[in-house]
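**Q** below are the sequence and a predicted model; questions follow.
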Amino acid sequence: MALRGTLTHRKIRRLAALLHISPCFALGVAESLWHVTAEQAPTGAIGIMRDEDIAMEMFYDGEPEVLIEAMLAAGLLERSDGHRLIVHDWHIHSDDSIDNKLSRRGARYANGEMPRMRRMSKVERGIAKDKMRELEFPVDHESVRTNGHAMPDRATNSHNGALPEPEPEPVLKTNNNLTLSEDRAVDDVVDDKDKKLSAPKKALRKQQRAAVERLFTYYLKGTERNPKMYELTHARMEKGLSRLEDCQRKCNGDLVKAEKLMGLAIDALLASEFHSGNNDRQTKYNDWIAHLFKSTEKLEWWLAK
């Protein structure tokens, strides 16, 4: 709904005069523009669409060129060198869902304004800010790569934001005198498939496991799950490895790019209002296996978002 006072605003009256319609209909034109922008161009860069498409999406039955010129003259649209057309003050007209979507992508509005993060948790705000810093001040990953993979204490190229390095885990002694990880004992010691691999493949598998750990830590922070109550179990690790291998095939074997691609799937989950609990059941659908990485098809479904 438009803000109070919009109906009598000079821009609406100006638009009404330019299109030869009543102010109440001009308000409907403005609302239509804002609805289409939210759905098709959440950054406000409505110029990614052709004039004909903008008019069609707005259900405007007049000449598209007349509509666009009228909205420009009224001040609802602005010319842009980078985007052709942007919605004037879209960062003010947009709602919280748009702010959240852009924040989770690490994106700004097309006019350069930062999205508001007032409806995000402290953890989400931190992740979003890290992502924005990574996009605006990218790290030279070639200079920090070690053994073919990025240094974990720097912003990685695994996705749009920095993935934190998992903290060192306490160890314990088992009855068999094996030194095991407290959280992932079976995974780190007993994996028959890894034992049968050749030395080069073992090294690759180690890097893949490290990548899944970083992604899982990022996922936990984004979903605000308690790591003590939601651990990286054997099943979750195996599912993560399977999807990482899917991503590697899509990236011609490049592990760094594959980790980044898999991170984008996590970003899409975090950006989904429905899966975050904003649905009629008020239930979160964001399980690592069931809702995120259940299958290759599910991974591709998230990547298409």
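**A** Structure received. Numbers count the residues shown, from 1 in each chain.
**Q** just say helix, strand or coil for residue 85.
**A** strand (DSSP: H, G, I helix; E, B strand; the rest coil).
**Q** er, residue 247 actually
**A** helix.
**Q** nearest residue to it in space, please, no chain neighbours.
**A** If you skip the residues right next to it in sequence, residue 247 has residue 258 as its closest partner in space, 3.7 Å away by CB to CB, 6 or more residues apart in numbering. Where you see a C-beta, it was placed from the backbone N, CA and C, and this is true even at glycine.
**Q** so who does the one you found touch?
**A** If you count contacts by CB atoms under 8 Å, 6 or more residues apart in numbering, residue 258 has them with 211, 244-245, 247-248, 250-251.
**Q** now do the helices in the protein.
**A** 10-19, 23-40, 51-57, 64-74, 90-93, 96-105, 122-136, 141-144, 185-189, 192-195, 199-223, 234-250, 255-271, 296-303 (DSSP state H).
**Q** any idea how far the residue nearest to residue 247 is from residue 226?
**A** Taken as CB to CB, to the nearest Å, the spacing of residue 258 relative to residue 226 amounts to 28 Å.
**Q** hey, which helix or strand in this protein has the poorest pLDDT?
**A** strand 179-181 (a mean of 35; mean pLDDT, DSSP states H and E).
**Q** re the thing from before, what's the closest of the helices of the chain to residue 285?
**A** Put simply, out of the helices of the chain the one that sits nearest residue 285 is helix 255-271, at 8.9 Å, with distance taken as CB to CB.
**Q** residue 23: how many residues sit nearby?
**A** The local packing of residue 23 (other CB atoms under 10 Å) involves 17 other residues.
**Q** pLDDT of stretch 90-110, averaged?
**A** The predicted model assigns stretch 90-110 a mean pLDDT of 84.
**Q** for it, which positions count as buried?
**A** Using 16 or more other CB atoms under 10 Å as the test for burial, stretch 90-110 gives 90-91, 93-94, 98-110.
**Q** just to revisit the earlier point, let me have the helices of the chain in CSV, extended by distance to residue 284.
**A** Putting these into CSV (distance: least, CB to CB, whole Å) gives the following:
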stretch, distance to residue 284
helix 10-19, 40
helix 23-40, 23
helix 51-57, 31
helix 64-74, 39
helix 90-93, 28
helix 96-105, 15
helix 122-136, 14
helix 141-144, 33
helix 185-189, 26
helix 192-195, 32
helix 199-223, 8
helix 234-250, 17
helix 255-271, 10
helix 296-303, 16
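**Q** surely residue 34 and residue 87 touch.
**A** Yes. With contact taken as CB atoms under 8 Å, residue 34 and residue 87 are classed as touching, separated by 7.2 Å.
**Q** which residues do the two both contact?
**A** Residues touching both residue 34 and residue 87 by CB under 8 Å, 6+ apart: residue 93.
**Q** these two - which one has more neighbours?
**A** Just comparing residue 34 and residue 87: by other CB under 10 Å the higher neighbour count belongs to residue 87, 29 against 19.
**Q** what does the model give that one for pLDDT?
**A** As predicted, residue 87 sits at a pLDDT of 95.
**Q** who does it form a beta bridge with?
**A** Residue 87 forms beta bridges with residue 77, as assigned by DSSP bridges.
**Q** so who does it touch?
**A** In this structure, residue 87 makes contact with 33-34, 37, 41, 44, 46, 76-78, 93, 110, judged by CB under 8 Å, 6+ apart.
**Q** nearest to residue 61, of the residues you listed?
**A** Compare each of these with residue 61 using CB to CB and the shortest gap goes to residue 33, at 15.2 Å.
**Q** does that closest one touch residue 71 like I think?
**A** Yes. Counting by CB under 8 Å, residue 33 sits close enough to residue 71 to count as a contact (6.6 Å).
**Q** what touches both of the two?
**A** Contact criterion CB under 8 Å, 6+ apart; residues bridging residue 33 and residue 71 by contacting each: residue 77.
**Q** show me where pLDDT drops low in the stretch 101-250 of the chain?
**A** Along the stretch 101-250 of the chain, the model assigns pLDDT under 70 to residues 118-120, 125, 128, 130-194.
**Q** repeat the analysis, applying 80 as the threshold.
**A** Counting by pLDDT under 80, the stretch 101-250 of the chain shows low-confidence ranges at 104-106, 116-197.
**Q** picking up where we left off before, among the contacts of residue 258, name the buried ones.
**A** With neighbours counted using 16+ other CB under 10 Å, these contain these buried positions: 211, 244, 247-248, 250-251.
**Q** show me which of these is closest to residue 221.
**A** Distance to residue 221 across the buried ones among the contacts of residue 258 (CB to CB) is lowest for residue 211, with 16.2 Å.
**Q** if we ignore the residues flanking it in sequence, what's nearest the closest one?
**A** Counting by CB to CB, 6+ apart, the nearest residue to residue 211 once its immediate chain neighbours are dropped is residue 259, at 4.5 Å.
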